[in-house]
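J.: Give the three-dimensional model of this entry:
(one chain, ligands or ions: 1)
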Amino acid sequence: MADLHLSQSIFILLLPFTIIFIFKSIFSASFTKSSNNFPPKSYPFIGSLFSILRNRNRFIQWTSDVVNNTPTKTVILRRPLGALRVITANPAVVRHILKTNFHLYPKGATAIHNAFDLLGDGIFNVDGDRWKLQRQVSSHEFNTRSLRHFVEHVVEVELNDRLVPIFSASAATGTAVLDFQDILQRFAFDNICQIAFGYDPAYLLPSLPEAIFATAFEEAVMIITGRIRSNLPLIWKLKRLLDVGSEKRLRIAVGVVREFANKLTKEKKQELEQKSSIDSVDLLSRFLSRGHSDETFVSDIVINFILAGRDTTSAALTWFFWLLYKNPRIENEILKEIKLKPENLIYDEVKDMVYTHASLCESMRLYPPVAVDGKEAADDDVLPDGTVVKKGYPVSYHVYAMGRLEELWGSDWAEFRPERWLEKDTSGRWVFKPRDVYEYPVFQAGPRVCLGKEMAFLQMKRVVAGVLRRFRVVPAMDDSVDPVYVVYFTAKMKGGFPVRIEDRGEING
Ligand code: HEM
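T.: Numbers count the residues shown, from 1 in each chain. The predicted model follows:
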């Protein structure tokens, strides 16, 4: 008995040293150093927790390396307590989950639960009939008439009356530094509110007014991303129960976001009640006039559309302008295209900006606004590459990794080369050459393909033409260090995109 006590005491004494030894030998380098173990080592109970923690600050880049270094381009990432996630960059698997077996791969209960506090029952966070209804009602918002109005009026006015004056004033100082990412988010936010809700929040003003809503929205998105990535979901659930830490901050942030959405919904309801006939064509009016009067549900719709419209095109354009600075040849090609067009562009002229369109596709290949997107298996299944999937497994497709696959893009995949999307017709004009959507699922694909894809391209191309015609966008940061691509629901440039604006002078000629 005394021997047992002695050995127990020795064990307890040695335990901390043993744990430190195990940690040190597994974390052979520092915590932040990236891991080159493909596939990552997995241990009982904790799975690949050590590799996950080691790469926690570059999770997207690390999982991209892991997937792309796997022969099938599909891996099963094991997390603590037996949780796992299937991650793929294999186009055949992407087609399988997004189209061929769409019914087998819904968003799923876990993802919906994670995001519910912010997104509620909005289109991004529902499956089945609730999704079908929203998709069907929303799709009217994206017909040619609406898109024409959007680009020729909404975007045009925001560009000429708000963005250009801010850039002109900035260029006149010669030294002012602007956060272009913030400006683009304000631009996109004003645009989406006007087209979807018939409301102008006027966030892009010379004073760059404090965006209380935007700050709360960003905080909420960040905390929910943390929930999704959490290695032990029990912890956030406990924090939520106790209303402490990040979960308390989430509750407060969501309160601010909801207040904004509810106010908008209430005002629109009143507006519609006062009208004898419904001539309003915005999305909000469309839902309300169809009898969807539940304010929480309509607010969910508002919040989901803000997410869709604000953070995607602004992320795409941020990386696009940085890549243009790094690739003056491409900037010149785009300028040539802009020079051939009048200053105020109509719908067809924007659509016809083929080289710019290809350049945007190329930029989003390298820096997709949505880096990874997830589904959940509704039943047991076998993926086309042989991976066995059990009911309830989360299955994600890794858009960022797919843009970096040599097998898809060739050995020059790292090069920003819009010509890979183009061919010349017999008269020597550029013609856009689309890629298979399952090789390039930047806008998702299949029945849930992005509803705003065309709207996004029109907006982005109009902004590119309007900005480049008059200004040079010059990064005001250390040229030798590349900006960091960080991912929440959507991707961002870490710390913003500080730029100086220079007047280009007249380019017509
Ligand atoms: C470069 C810009 C954009 C990109 C890369 C993009 C990408 C995507 C992706 C990946 C999804 C699938 C998300 C998921 O189900 O988890 C999606 C869905 C969606 N997008 Fe976009 N998007 C862009 C711009 C826009 C814009 C401007 C709108 C306009 C409001 C929009 C509206 C939507 C809607 C409503 C859905 C939900 C479709 C559904 O579930 O049926 N998107 N988008």
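J.: and the residue of the chain found nearest the ligand, how many neighbours?
T.: Proximity of the chain to the ligand (CB to the nearest ligand atom) peaks at Gly452, 2.1 Å away. C-beta: built from backbone N, CA, C; applies to glycine. Using other CB atoms under 10 Å, Gly452 has 22 other residues around it.
J.: Pull the contacting residues for it.
T.: Contacts for Gly452 (CB atoms under 8 Å, 6 or more residues apart in numbering) come out as 142, 308-309, 312.
J.: so can I have JSON lines of those residues showing secondary structure and pLDDT?
T.: Listed next are the contacts of Gly452 as JSON lines, based on DSSP: H, G, I helix; E, B strand; the rest coil; pLDDT from 0 to 100:
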{"residue": "Phe142", "secondary structure": "helix", "pLDDT": "92"}
{"residue": "Ala308", "secondary structure": "helix", "pLDDT": "94"}
{"residue": "Gly309", "secondary structure": "helix", "pLDDT": "92"}
{"residue": "Thr312", "secondary structure": "helix", "pLDDT": "97"}
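J.: among these, who's most crowded?
T.: Thr312 (27 neighbours).
J.: Could I get the contacting residues of that residue?
T.: With CB under 8 Å, 6+ apart, Thr312 has these contacts: 188, 369-370, 452, 456, 490.
J.: from those residues, which single one is nearest Thr74?
T.: Val370 (19.2 Å; CB to CB).
J.: if I pick the residue nearest to Asp311 when sequence neighbours are not counted, what's in contact with it?
T.: Once flanking residues are discounted, Asp311 sits nearest to Thr490: 4.1 Å by CB to CB, 6 or more residues apart in numbering. By CB under 8 Å, 6+ apart, the residues touching Thr490 are 221, 307, 311-312, 315, 369-370.
J.: Thr490 and Thr70, how far apart?
T.: Distance of Thr490 to Thr70, computed by CB to CB, to the nearest Å: 26 Å.
J.: Doesn't Val499 belong to a strand?
T.: Yes. Counting by DSSP: H, G, I helix; E, B strand; the rest coil, Val499 is located in a strand.
J.: burial count for it?
T.: By the criterion of other CB under 10 Å, Val499 has 26 neighbours.
J.: Once you drop chain neighbours, what's closest to it?
T.: Phe180 is the one closest to Val499 (CB to CB, 6+ apart), at 4.6 Å.
J.: can you pull the contacts of that neighbour?
T.: Going by CB under 8 Å, 6+ apart, Phe180 touches 318, 321, 473, 496-499.
J.: do the same with Ile223
T.: 246-247, 249-250, 253.
J.: Adding pLDDT and distance to Trp413, write the contacts of Phe180 out as a markdown table.
T.: As requested, those are exported to a markdown table (pLDDT from 0 to 100; distance: CB to CB, whole Å):
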| residue | pLDDT | distance to Trp413 |
| --- | --- | --- |
| Thr318 | 98 | 21 |
| Phe321 | 98 | 21 |
| Val473 | 97 | 25 |
| Gly496 | 96 | 27 |
| Phe497 | 97 | 24 |
| Pro498 | 97 | 28 |
| Val499 | 98 | 27 |
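J.: Please name the two of those that end up farthest apart in the structure.
T.: Val473 and Gly496 (13.5 Å).
J.: and these two? which has more neighbours close in?
T.: When neighbours are counted by other CB under 10 Å, Val473 and Gly496 differ, and Val473 comes out ahead with 21 against 17.
J.: Can you classify the more buried one by secondary structure?
T.: Relying on three-state DSSP, one would call Val473 strand.
J.: Do I have it right that it meets Tyr325?
T.: Yes. Counting by CB atoms under 8 Å, Val473 sits close enough to Tyr325 to count as a contact (6.7 Å).
J.: Mind putting the contacts of Gly452 into a markdown table with distance to the ligand?
T.: Formatted as a markdown table, those follow (distance: CB to the nearest ligand atom, whole Å):
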| residue | distance to the ligand |
| --- | --- |
| Phe142 | 8 |
| Ala308 | 4 |
| Gly309 | 4 |
| Thr312 | 3 |
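J.: Mind checking what helix or strand follows the one helix or strand in the chain whose mean pLDDT sits lowest in sequence?
T.: The helix or strand of the chain with the poorest confidence is helix 2-26; it has a mean of 48 (mean pLDDT, DSSP states H and E). Sequence-wise, the next helix or strand downstream of helix 2-26 (DSSP states H and E) is helix 49-54.
J.: Give me the average confidence score over that next one.
T.: The average pLDDT within helix 49-54 is 91.
J.: again with stretch 78-95
T.: Stretch 78-95 comes out at a mean pLDDT of 94.
J.: how about it as CSV, C-alpha atoms only?
T.: Presented in CSV, the C-alpha positions along stretch 78-95 are these (Å, rounded to 0.1, in the frame of the first residue of the first chain):
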residue,chain,number,x,y,z
ARG,A,78,-9.4,14.9,-37.3
ARG,A,79,-10.3,17.2,-34.4
PRO,A,80,-10.5,16.5,-30.6
LEU,A,81,-13.0,14.0,-29.2
GLY,A,82,-13.6,12.3,-32.5
ALA,A,83,-15.0,15.3,-34.4
LEU,A,84,-13.8,15.4,-38.0
ARG,A,85,-14.2,17.4,-41.2
VAL,A,86,-13.8,16.3,-44.8
ILE,A,87,-12.1,18.9,-46.8
THR,A,88,-11.8,18.7,-50.6
ALA,A,89,-10.2,20.5,-53.6
ASN,A,90,-11.2,17.8,-56.0
PRO,A,91,-13.6,19.1,-58.7
ALA,A,92,-15.3,15.7,-59.1
VAL,A,93,-16.2,15.8,-55.4
VAL,A,94,-17.3,19.4,-55.6
ARG,A,95,-19.7,18.5,-58.4
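J.: Enumerate the positions of that stretch that are buried.
T.: 78-79, 83-95 (16 or more other CB atoms under 10 Å).
J.: which one of the contacts of Thr312 sits closest to Glu152?
T.: Nearest member of the contacts of Thr312 to Glu152, counting by CB to CB, is Ala456, at 16.1 Å.
J.: Show the pLDDT at that closest one.
T.: So Ala456 comes in at 98 (pLDDT).
J.: One more: Ser30?
T.: 37.
J.: same thing with Leu205?
T.: Leu205 is assigned 94 on the pLDDT scale.
J.: The one 5 residues further on now?
T.: Looking at Glu210, its pLDDT stands at 85.
J.: Please identify the helix or strand for it.
T.: Here Glu210 is assigned to no helix or strand, by DSSP H and E.
J.: State the number of residues packed around it.
T.: Glu210, neighbours per other CB under 10 Å, totals 9.
J.: which residues touch Val254?
T.: Counting by CB under 8 Å, 6+ apart, Val254 touches 117-118, 216, 220.
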